[in-house]
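Asks: Provided below are the primary sequence and the corresponding predicted coordinates.
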Amino acid sequence: MSKQIVSTEAAPAAIGPYSQATKIDELVFSSGQIPLDPKTMEVVSGGIAEQTKQVMENLMAVLEAAGADASTVFKTTCFLSDMANFAAFNEVYAEYFAENPPARSCVEVARLPKDVLVEVEAIAHIK
């Protein structure tokens with residue numbers, strides 16, 4: 001088993017002692033992505049739709065850097081600060097997984113880093 005750290009400037013740098021993702025053999029495990037603009041490292045303005053779009057763009061950038069993409073994701077875990085945002089979150093999320101969506105868990109949490117509304121992590125197969 002070989003472990004490699006994944007890093008890309010197309011997604012926000014880690015804000016703590018973790019990697020954007022880790023590759024092990026043919027799998028990639030992403031860290032949770034939050035709605036930070038990778039250039040400014042600031043939370044994007046707007047509500048759940050805007051934040052979800054940025055989260056998914058960040059996640060796709062990390063997956064691409066690892067040699068994966070949306071079609072190779074087989075599990076996501078989604079964290080919402082308020083389950084009342086579930087429907088709006090799903091609308092944006094579905095744009096990224098239009099065909100054969102991965103298995104998913106989605107839970108409400110008390111608080112997320114930088115008080116964002118959403119965080120998503122994924123496990124994918126490397127192409």
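Replies: It's in.

Asks: tell me the mean pLDDT for the stretch of helix or strand residue 64 belongs to?
Replies: Following DSSP states H and E, one finds residue 64 within helix 48-66. The pLDDT scores in helix 48-66 average 98.

Asks: list the buried ones in that helix?
Replies: For helix 48-66, burial by neighbour count (16 or more other Cβ atoms under 10 Å) applies to 48, 51-63, 65-66. C-betas here are computed from N, CA, C, even on glycine.

Asks: Pick the one among the residues you listed closest to residue 119.
Replies: residue 55 (6.7 Å; Cβ to Cβ).

Asks: Correct me if wrong: that closest one contacts residue 117.
Replies: No. Counting by Cβ atoms under 8 Å, residue 55 sits too far from residue 117 to count as a contact (9.1 Å).

Asks: which residues do those two both contact?
Replies: Common contact partners of residue 55 and residue 117 (Cβ atoms under 8 Å, 6 or more residues apart in numbering): residue 35.

Asks: Can you show me the strands along this protein?
Replies: For the chain, the strands defined by DSSP state E occupy 3-6, 21-24, 27-30, 73-80, 103-108, 118-125.

Asks: so which of those is the most packed in?
Replies: strand 118-125 (a mean of 22; mean count of other Cβ atoms under 10 Å).

Asks: Please give the centre-to-centre distance between that one and its chain.
Replies: 5 Å (Cα atoms, centre = their mean, to the nearest Å).

Asks: can you check stretch 118-127 too?
Replies: Distance of stretch 118-127 from the chain centroid (Cα atoms, centre = their mean) equals 6 Å.
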